[in-house]
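Build the 3D model from these lines:
(2 chains)
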Amino acid sequence: MSPPQLPVLNGEPEPAEGQVLSPGRRAFLRTAAAGAAMAALSSCGSGVEEFFRKHFKELSRDELARVLARIERRNQERFGKSTTVRADGPLPGVEFGYGLDLSRCVGCRRCVYACVKENNQSRQHPQVHWIQVLEMEKEHGVDLSHADLYYEADAVPRPGKFYFPVQCQQCRNPPCVKTCPTGATWKEPDGIVVIDYDWCIGCRCCMSACPYGARHFNWATPDLPAAELNPEQHYLGNRPRPKGVVEKCTFCIQRTRRGRYPACVEVCPVGARKFGNLLDPESEIRKVMETKRVFVFKEELATQPQFYYFYAT
Amino acid sequence: MESPIRRSLVVLAVAAALCAAAVRAAPAAPAPARAEAQLVQAEPPPFSEDIFPCSSCHKDLPKNAERRELAFHDEVQSIFDHDAEHRWCLDCHDLQNRDVLHLTSGAPVEFSSSYLLCGQCHGDKLRDWRLGVHGKRVGQWNGAKTYFLCVNCHNPHSPRFKGVQEVVANGKPTVAPTQKLLKPEPRPRRPEEQRR
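The predicted structure follows:
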């Protein structure tokens, strides 16, 4: 005995002999809708695969390889230059810490421009600087109401002034991550707060949440000359950004995850910038923390930065 | 006959030995990624042209240990600002062997190891420098790194830091101190200047 069947959900009726088989109405609509969606997606320049892509953290190894290859292809189209886009993961047993010696910094802004160059930031329209060097008055100490970002001088340091570079503090309790509605920004196990530019919708909630002004928005397509493109790229770091996404310091993730110092550390002419593994008792940053007067910026906000300011003298 | 006290002492001794073994075994626990410090010394800045070896001139000159204004080496005397009130050439330069420096003990120090000389007075800086807290290093945070010497950033005759410039010494890029302060890079554009 066959099970009772609802009349409307019967299987397709057997075609009568000689009758032309026409697709059912539903099947037709389904195909047509999918076709229209495909056409719409491919006409706006991004593939279906990209549209239906999973979150970065859920990508399988193969999917990630395809995503990276796609970005390299797009770099080639946009800049006519071959690039290497990697997605190196966090190293085990590593938690990055950064130290900045305020008694050494002379405010020369070499770090600002080394960062721009290394991380493929937009040069002029719009101008994006991940590091902002504030000139402060010795008389007032670290006080933002007596800080000048736009100082101009023939020679630094100027008498009576000291310099306070600010960049992403890689908070352990990051307000930007908390506020992101799409999960496009998160904290990695080695402490770097990263952004997936493909996942960012440009709502800029993170920018208003960040108490350090460390996040920057691409108001226009980044103005990045092909000749100055840094071809060594990381998916979560310095790959070229599209218009309308937020970006920030990643401790030069493309360098530090491969063991190198960040660009700002290497360029600093006074050696004010220290970088290393907080879990390694022999690292420079641990020696700083054990022997110097260390503080974090805006401690009262409980953001718990992994970026430490110190006075070596 | 064995007393209970003696027996318990034996038990204690065995327990202590076991504990000690456990403590020795403990460091096998996963260690954090450790910096295998391969330190490479940067090239010291080049000497002024044709000045080294010093003995090429000094071998024919009389040895005079009396403190005085020199008739030569103006470029050093004009900038000399290193406790000038109390110190002069032969406090660091050696009278007998012109091509080396010397410690207060009289022990000779090569020019390439001048940090030992600096560290006699600036011991705190020497200590910080050895730890990587003072001074600059480039390369790998977890591997091979190049460290710069005192004299790469400080002119020993006028050691207060002013600025540095990139130079080439022995065919390798390195840095040398300058007597001029650094000029800052251009200021960022103000928001109103960014509008088009």
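
Which residues are in contact with the nearest residue to residue A:263 once chain neighbours are set aside?
Excluding the flanking residues, the one nearest residue A:263 by Cβ to Cβ, 6 or more residues apart in numbering or on different chains is residue A:118, at 3.8 Å. (Glycine included, C-beta is placed from N, CA and C.) Each residue near residue A:118 by Cβ atoms under 8 Å, 6 or more residues apart in numbering or on different chains is listed here: A:230, A:238, A:252, A:255, A:263.

would you list those residues in a markdown table and tack on secondary structure?
As requested, the contacts of residue A:118 are exported to a markdown table (DSSP: H, G, I helix; E, B strand; the rest coil):
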| residue | secondary structure |
| --- | --- |
| A:230 | coil |
| A:238 | coil |
| A:252 | coil |
| A:255 | helix |
| A:263 | helix |
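
Now do the SS call for the closest residue to chain B within the stretch 201-313 of chain A.
Nearest residue of the stretch 201-313 of chain A to chain B: residue A:271, at 3.2 Å (Cβ to the nearest Cβ). Following three-state DSSP, we place residue A:271 in the coil state.

Relative to residue B:173, how far out is the residue nearest to residue A:263?
Residue A:118 sits 18 Å away from residue B:173 when distances are taken as Cβ to Cβ, to the nearest Å.

just residue A:248 next, same as before
31 Å.

Give me the more crowded residue out of those two.
residue A:248 (22 against 10; other Cβ atoms under 10 Å in any protein chain shown).

Now do the same contact list for residue 103.
Unless you meant another one, I'm taking chain A. Per Cβ under 8 Å, 6+ apart, neighbours of residue A:103: A:311-313.

wait, I meant chain B there
Contacts of residue B:103 by Cβ under 8 Å, 6+ apart are B:109, B:116-117, B:120.

Mind listing residues that contact whatever helix or strand residue B:56 lives in?
Using DSSP states H and E, residue B:56 sits in helix B:55-58. For helix B:55-58, contacts defined as Cβ under 8 Å, 6+ apart pick out B:97-99.

The closest residue to chain A within chain B - nearest residue in space that isn't next to it in sequence?
Closest contact between chain B and chain A, by Cβ to the nearest Cβ, is at residue B:136 (3.2 Å). Nearest residue to residue B:136 in three dimensions, chain neighbours excluded: residue A:271, at 3.2 Å (Cβ to Cβ, 6+ apart).

That neighbour: neighbour count?
By other Cβ under 10 Å, 24 other residues sit near residue A:271.

Equivalent analysis for residue A:283, please.
27.

need the contact list for residue B:167.
Residue B:167 neighbours (Cβ under 8 Å, 6+ apart): B:45-46, B:173-176.

how about stretch A:112-129 as PDB, C-alpha atoms only?
Listed next in PDB are the C-alpha coordinates belonging to stretch A:112-129 (Å, rounded to 0.1, in the frame of the first residue of the first chain):
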ATOM      1  CA  VAL A 112      54.400  58.300  10.000                       C
ATOM      2  CA  TYR A 113      55.700  58.100   6.500                       C
ATOM      3  CA  ALA A 114      57.500  54.800   6.800                       C
ATOM      4  CA  CYS A 115      54.100  53.400   7.900                       C
ATOM      5  CA  VAL A 116      52.300  55.000   5.000                       C
ATOM      6  CA  LYS A 117      54.800  53.500   2.600                       C
ATOM      7  CA  GLU A 118      54.800  50.000   4.200                       C
ATOM      8  CA  ASN A 119      51.100  49.700   4.600                       C
ATOM      9  CA  ASN A 120      49.900  51.100   1.200                       C
ATOM     10  CA  GLN A 121      47.900  54.000   2.700                       C
ATOM     11  CA  SER A 122      46.200  56.600   0.600                       C
ATOM     12  CA  ARG A 123      48.700  59.400   0.000                       C
ATOM     13  CA  GLN A 124      46.900  62.700  -0.700                       C
ATOM     14  CA  HIS A 125      43.200  62.400  -1.500                       C
ATOM     15  CA  PRO A 126      42.400  61.300   1.100                       C
ATOM     16  CA  GLN A 127      45.500  61.400   3.200                       C
ATOM     17  CA  VAL A 128      45.600  58.600   5.700                       C
ATOM     18  CA  HIS A 129      48.200  58.400   8.500                       C
END
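
which residues of chain A fall in strands?
For chain A, the strands defined by DSSP state E cover A:84-86, A:96-101, A:132-137, A:147-148, A:161-166, A:185-187, A:193-195, A:216-217, A:232-234, A:246-247, A:273-277, A:293-295, A:307-311.

could these be laid out in CSV, adding distance to chain B and mean pLDDT?
Putting the strands of chain A into CSV (distance: least, Cβ to the nearest Cβ, whole Å; pLDDT from 0 to 100) gives the following:
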stretch, distance to chain B, mean pLDDT
strand A:84-86, 17, 97
strand A:96-101, 8, 98
strand A:132-137, 7, 97
strand A:147-148, 9, 97
strand A:161-166, 9, 98
strand A:185-187, 19, 97
strand A:193-195, 18, 97
strand A:216-217, 11, 96
strand A:232-234, 15, 97
strand A:246-247, 15, 97
strand A:273-277, 5, 97
strand A:293-295, 11, 96
strand A:307-311, 9, 97
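
Please dump the ones you listed into CSV; it should also carry mean neighbour count for every row.
Output for those, formatted as CSV (neighbours: other Cβ atoms under 10 Å in any protein chain shown):
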stretch, mean neighbour count
strand A:84-86, 17
strand A:96-101, 25
strand A:132-137, 20
strand A:147-148, 16
strand A:161-166, 21
strand A:185-187, 20
strand A:193-195, 23
strand A:216-217, 20
strand A:232-234, 21
strand A:246-247, 24
strand A:273-277, 25
strand A:293-295, 13
strand A:307-311, 20
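
For these, give me a markdown table that also has distance to residue B:63.
Output for those, formatted as a markdown table (distance: least, Cβ to Cβ, whole Å):
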| stretch | distance to residue B:63 |
| --- | --- |
| strand A:84-86 | 62 |
| strand A:96-101 | 43 |
| strand A:132-137 | 51 |
| strand A:147-148 | 56 |
| strand A:161-166 | 47 |
| strand A:185-187 | 66 |
| strand A:193-195 | 64 |
| strand A:216-217 | 64 |
| strand A:232-234 | 57 |
| strand A:246-247 | 65 |
| strand A:273-277 | 45 |
| strand A:293-295 | 48 |
| strand A:307-311 | 45 |
